[in-house]
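Asker: Pasting the sequence and the predicted coordinates here, then a few questions.
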Number of protein chains: 10
Amino acid sequence: MISNREEVTALILAKKVAKGVQWKEVADAIGLSKEWTTAACLGQMTFNKEQATIVGEIFELPDEAVAWLQIVPYKGSLPTEVPTDPLIYRWYEVVNVYGSTIKELIHEEFGDGIMSAIDFSMDIQREENPNGDRVNVVLSGKFLPYKTY
Amino acid sequence: MISNREEVTALILAKKVAKGVQWKEVADAIGLSKEWTTAACLGQMTFNKEQATIVGEIFELPDEAVAWLQIVPYKGSLPTEVPTDPLIYRWYEVVNVYGSTIKELIHEEFGDGIMSAIDFSMDIQREENPNGDRVNVVLSGKFLPYKTY
Amino acid sequence: MISNREEVTALILAKKVAKGVQWKEVADAIGLSKEWTTAACLGQMTFNKEQATIVGEIFELPDEAVAWLQIVPYKGSLPTEVPTDPLIYRWYEVVNVYGSTIKELIHEEFGDGIMSAIDFSMDIQREENPNGDRVNVVLSGKFLPYKTY
Amino acid sequence: MISNREEVTALILAKKVAKGVQWKEVADAIGLSKEWTTAACLGQMTFNKEQATIVGEIFELPDEAVAWLQIVPYKGSLPTEVPTDPLIYRWYEVVNVYGSTIKELIHEEFGDGIMSAIDFSMDIQREENPNGDRVNVVLSGKFLPYKTY
Amino acid sequence: MISNREEVTALILAKKVAKGVQWKEVADAIGLSKEWTTAACLGQMTFNKEQATIVGEIFELPDEAVAWLQIVPYKGSLPTEVPTDPLIYRWYEVVNVYGSTIKELIHEEFGDGIMSAIDFSMDIQREENPNGDRVNVVLSGKFLPYKTY
Amino acid sequence: MISNREEVTALILAKKVAKGVQWKEVADAIGLSKEWTTAACLGQMTFNKEQATIVGEIFELPDEAVAWLQIVPYKGSLPTEVPTDPLIYRWYEVVNVYGSTIKELIHEEFGDGIMSAIDFSMDIQREENPNGDRVNVVLSGKFLPYKTY
Amino acid sequence: MISNREEVTALILAKKVAKGVQWKEVADAIGLSKEWTTAACLGQMTFNKEQATIVGEIFELPDEAVAWLQIVPYKGSLPTEVPTDPLIYRWYEVVNVYGSTIKELIHEEFGDGIMSAIDFSMDIQREENPNGDRVNVVLSGKFLPYKTY
Amino acid sequence: MISNREEVTALILAKKVAKGVQWKEVADAIGLSKEWTTAACLGQMTFNKEQATIVGEIFELPDEAVAWLQIVPYKGSLPTEVPTDPLIYRWYEVVNVYGSTIKELIHEEFGDGIMSAIDFSMDIQREENPNGDRVNVVLSGKFLPYKTY
Amino acid sequence: MISNREEVTALILAKKVAKGVQWKEVADAIGLSKEWTTAACLGQMTFNKEQATIVGEIFELPDEAVAWLQIVPYKGSLPTEVPTDPLIYRWYEVVNVYGSTIKELIHEEFGDGIMSAIDFSMDIQREENPNGDRVNVVLSGKFLPYKTY
Amino acid sequence: MISNREEVTALILAKKVAKGVQWKEVADAIGLSKEWTTAACLGQMTFNKEQATIVGEIFELPDEAVAWLQIVPYKGSLPTEVPTDPLIYRWYEVVNVYGSTIKELIHEEFGDGIMSAIDFSMDIQREENPNGDRVNVVLSGKFLPYKTY
């Protein structure tokens, strides 16, 4: 009996390592970006039935797990408020060091409001560079204005 | 007597509001990006002497403040571990929801290592869009591999 | 010299108590709801020039404070993660006890996504009731769906 | 052997996903609102014997679980003080950003006291809207005055 | 200029020590219990105009402070989540050690609901005892039942 | 093999629900108050051999569990520093809102010292009341003075 | 105007450094142990009138401060839950590493109860030792048994 | 398979309760103090081979557990930063209330440095006393001076 | 089924104790430093296939575990933000006490930037010393400058 | 009036920036290492009279400040448990990622005990390197063994 999405994520990760699956292969199989697909496999997004079935086949999941993949999960992928993993921490650091800057510049351009994390997409690419390759990430979020009422 | 950088940031902000200065104007005056310039004015980066002098003139800072602008600050711009401001929280949420995804995809592409938050740049742009304009942000960080020794 | 919005909020509160101003009067003066107006006076929303001028007159604020009212504030009105004030705590308790319920029912109706806290309004009313009057609050937020990409 | 209510909630969730049950169906079966019913199934409210029996049948629960449904649970449905799930976080954000506003306006109308979270009801509805459907939530709580003694 | 109730509490405490006032004297002067009166002087309850005037005279408060005494305060009298002061900690310990017991026994007697902390009174008395005098405290709170809806 | 008291508490709770035992019955069987007895069953007090045997019979505990009931437990019955359960939170709120008041009044009466949470008893009673029944709780703790040395 | 004991402690510390006073001299002047006297000067204990007068003379305190010395303070001398100062941390470490041991041995000898921190004294002595002098501390606390009721 | 010391501690505690072993008996069997021996059995110290063998016989441990007893454990015996158990909390309270006093007096006597928690011993004794027996604890730690370099 | 690296670390530790393996032996077997090798065995670094195979043989790991050793782990080896283990705490203390010093001196020498924890190596050696042997640790990290952009 | 060491540190930092003093110059003036000297100026170590006088001259401190420099300070130089400053965080990360490794290797070499942070020295050097200069830090701490007693 499976009673939460974390158990499904654990099944996926166990099988991924055992079979040597790549996230890009999963993304290709369901025809979406590697970013959204990976997030969904890691328990942060919701698959539709067709997608869930494909994922279930790739990772040899039981039917019950395939059903859970179609349920909206409780989101949040970090075990602590401040992440300890160095790669993820660097992102937290960017938010901490540049947080007030991001706020100032978006408000200067758009006025009061936010950059949506829901109507949002992310694209991660390698940039070849003679001084050492770079990770380039494009974040795109709709600006949502506060309105008076 | 000024004994830390926060006091200088407060002086800059007070003057910015009173005089209606725009961050872009400051960036243009010192010839750098609006992102780096704003971060520096907010106490997260270090100006060289020439830059500090210009900033001092724009915000009518005392000499002592101009000296502090050239000292490396204690960084971190958020008052709490989890930011309460909605705009900045959305970024924290992106790190929390997508953190494990970012980690998986960078490692799949590059192997073990991190995306640098030091050899790093950020560019924030408005994308006009009939469904509502978007905030597009490009983050670029050098990949730094862990090595065996 | 005023260097943050909290100082302006303190000025407003001091004057409000000394002069006995009601929030509804302020709302009427600027022609908006009492909810938005109060939130703005308490440093959570941004006034435009005309509104700020009126608020400045009501609370006899210096020009510098009126300028700050037009700057997007760093939001968040609680001094601790879990509020200690009994009235506000009851709201935190509602989120804690009913949080998973709210999540389940919105997802059952709308699928994966959120109820916006930005494209959002609130209306607080007294309902007369022989068993004791009630506080009725209507929260209205646009549903924002997660999309695949 | 079942030694706490969380285990019963896990059984319900597992069965709900496996069988594709909707919360509204459960609410209809016991003749109460979807809000109260869902909260109770998620371990936040107490069923009476008749209700528990119906719920037990729907989710095929063992007798022991049906007995636990009639025991007052230890309440609180969130795993962390600040919720990480984006939908639930938006509600926390409303309490954080509007908390002082709610407090001011209820006190202005009613004097010192609280809005009860016990003599309380909630109603969640979809509002169709050409700009995007909205989630409308009505919270109704009895005002409880502090008295002198 | 006084901008919050804490400043008024500080004024009261300073004057209380300097003049050697007893809380019981204040309670007698306004004709209420020593428990409610002390809580109100310490910034946890709201005085009406007449009471505030008397308190203002006893502690020689400025008019502005007397006005603040009539404003509902942001409540909570402890500087940390877990109190460090030994006397107050013992009360926290009682809640921690006996918390589940109190919960079980109230539910066994009354069913699901709470003991109100708003429709509530407290009485602290000395009990003379040859083995050492005792502090006897009577807490009385209305039982508020959860109802189905 | 049982390696801590929590496992024994879990056994007791599971059996209590399955058999429908009341705490008062347990208290009567061992001849002590319902408050102490419940606290002890919930892992906060230590039974002597005779009491443990009776409790073991009521809840059909294995010998090993009966032995654990006679071992002093690691105390504290709450899963978080600030309790999330509404009934228990109200008690935390009383300590938070009235904490400084309790401190002031005990010191005014007794001087420096504490109210013991060890040489302590509690009595919880229902008071019938036409405006709604009340929970009345008497806490009695020996005053322990700080002494100079 | 002095509105809390911390301000008095600050006055004492400032004068102590400026005048080069030793804690032992203060203890001798009031005829009590150096441990109790120091704790009291640091805002953790309550002086009687005679003692407060002597302390006031030594540290040249204003009358108002001398009055505060006779008021029971809010206790707790550490700025964080886990102390950062290495000397004080070692004591926290002893409690952390040996805490379960202390608990087991006191219960093995005395049964259920505590070692009082109120009916308590402490004596700190230097022990000369060829391998390096040692700090010897004797802690003496009355055993307070839990009783059934 | 045993993969950490906590599992060994659990085995020891389960057997201790089941067999009714006293810590003093274990200490006598290995010829060391009851304080060190208990700490070691509770997973805070490291046994040598001979000691581990004796402990293994007393508690009927498997060979694997005896091997773990000889491995240096990850130390710290408390589940929370601030201990909830009343007996252990009193020790935390002593550190909190007297922490600054201990620091001042050791520095007054020895200068800058610490009292070692490694080159350290503890002795817990019962002192018979007509006013109630006392727990006397002697802590002895080498003074380690900070040196300039 | 193995679903995370922690399980592999537990397997390694269990086998290490049972078989009495030394970290240096493992390091020699794979031809790298004892520091990197131990960190990798403890789940902080990523082995290549050849290394993983050798480690798998030494610790008799199943194939699935050997596969996990080649997957980049979620890093961070401490169970709490402030470590409780005395040896590791001393390192935290060095960072806490000397943190601002390290920052000042590196900036004085290099300007704004950091000492990399990725392009980093560590070497731990025993230094024999008549006053007691010393642990000497050399940390070497590439300086990474912040650049303007 | 100066009532704590932090005020002295603030005076030193303000003067250092205003006058452009280098830490190395201060170290040379008092004849000690730059590491110890900087730590002492930043409020983490204790100067003797001669050293304090020199420091007072360099930073033009008042006599009272010079007296405070000779008082043992309350140590700890970080404003939060987890440092936000990127340079200092990297050190925290080293402790977090390598903490268990450091522990294992020191115990493998020395047995149970710690590396002292008191009988300790640190040396920070620049290593020129064609791939980018490195920061090399040597930490040297006496090994202190746990002993049985």
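Answerer: Received, thanks. In this text the structure is predicted, and so the values were computed from the model without any measurement. Residues are numbered from 1 along each chain as shown, chains lettered A, B, ... in the order given.

Asker: Helices along chain A, start to end?
Answerer: A:5-19, A:23-30, A:34-41, A:49-58, A:63-68, A:86-110 (DSSP state H).

Asker: Of all the ones you listed, which one is nearest residue H:45?
Answerer: helix A:86-110 (33.2 Å; C-beta to C-beta). For the C-beta atoms, the positions are set from N, CA and C on the backbone; glycine is no exception.

Asker: follow-up on the earlier one: would you convert the helices of chain A into CSV that also reports distance to residue F:94, mean neighbour count and mean pLDDT?
Answerer: Shown next, in CSV, are the helices of chain A (distance: least, C-beta to C-beta, whole Å; neighbours: other C-beta atoms under 10 Å in any protein chain shown; pLDDT from 0 to 100):
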stretch, distance to residue F:94, mean neighbour count, mean pLDDT
helix A:5-19, 37, 19, 97
helix A:23-30, 52, 17, 98
helix A:34-41, 44, 24, 98
helix A:49-58, 49, 17, 98
helix A:63-68, 42, 19, 98
helix A:86-110, 37, 23, 98
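
Asker: Any chance of TSV for those, columns distance to chain I?
Answerer: Putting the helices of chain A into TSV (distance: least, C-beta to the nearest C-beta, whole Å) gives the following:
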stretch	distance to chain I
helix A:5-19	4
helix A:23-30	12
helix A:34-41	13
helix A:49-58	16
helix A:63-68	13
helix A:86-110	6
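
Asker: Same list (those helices) but as a markdown table, adding distance to residue D:68.
Answerer: A markdown table is the format used below for the helices of chain A (distance: least, C-beta to C-beta, whole Å):
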| stretch | distance to residue D:68 |
| --- | --- |
| helix A:5-19 | 22 |
| helix A:23-30 | 39 |
| helix A:34-41 | 34 |
| helix A:49-58 | 32 |
| helix A:63-68 | 23 |
| helix A:86-110 | 39 |
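
Asker: Nearest the middle, which residue of chain A would you pick?
Answerer: residue A:39 (3.5 Å; C-alpha atoms, centre = their mean).

Asker: ok, the residue nearest to that residue when sequence neighbours are not counted - contacts?
Answerer: Spatially, and ignoring its direct neighbours in sequence, residue A:39 is nearest to residue B:101 (4.3 Å; C-beta to C-beta, 6 or more residues apart in numbering or on different chains). Residue B:101 makes contacts with A:35, A:38-39, A:42, A:44, A:77, as judged by C-beta atoms under 8 Å, 6 or more residues apart in numbering or on different chains.

Asker: residue contacts, the residue in chain A positioned nearest to chain F?
Answerer: Of all residues in chain A, the one sitting closest to chain F is residue A:81 (14.7 Å; C-beta to the nearest C-beta). Residue A:81 makes contacts with B:81-82, D:80, D:82, as judged by C-beta under 8 Å, 6+ apart.

Asker: For the residue lying closest to residue A:47 once chain neighbours are set aside, give me its contacts.
Answerer: Spatially, and ignoring its direct neighbours in sequence, residue A:47 is nearest to residue A:69 (4.5 Å; C-beta to C-beta, 6+ apart). Contacts for residue A:69 (C-beta under 8 Å, 6+ apart) come out as A:8, A:40, A:46-47, A:51-52, A:55-56, A:61.

Asker: one more time with 7 Å
Answerer: Applying C-beta atoms under 7 Å, 6 or more residues apart in numbering or on different chains to residue A:69 gives the contacts A:8, A:47, A:52, A:55.
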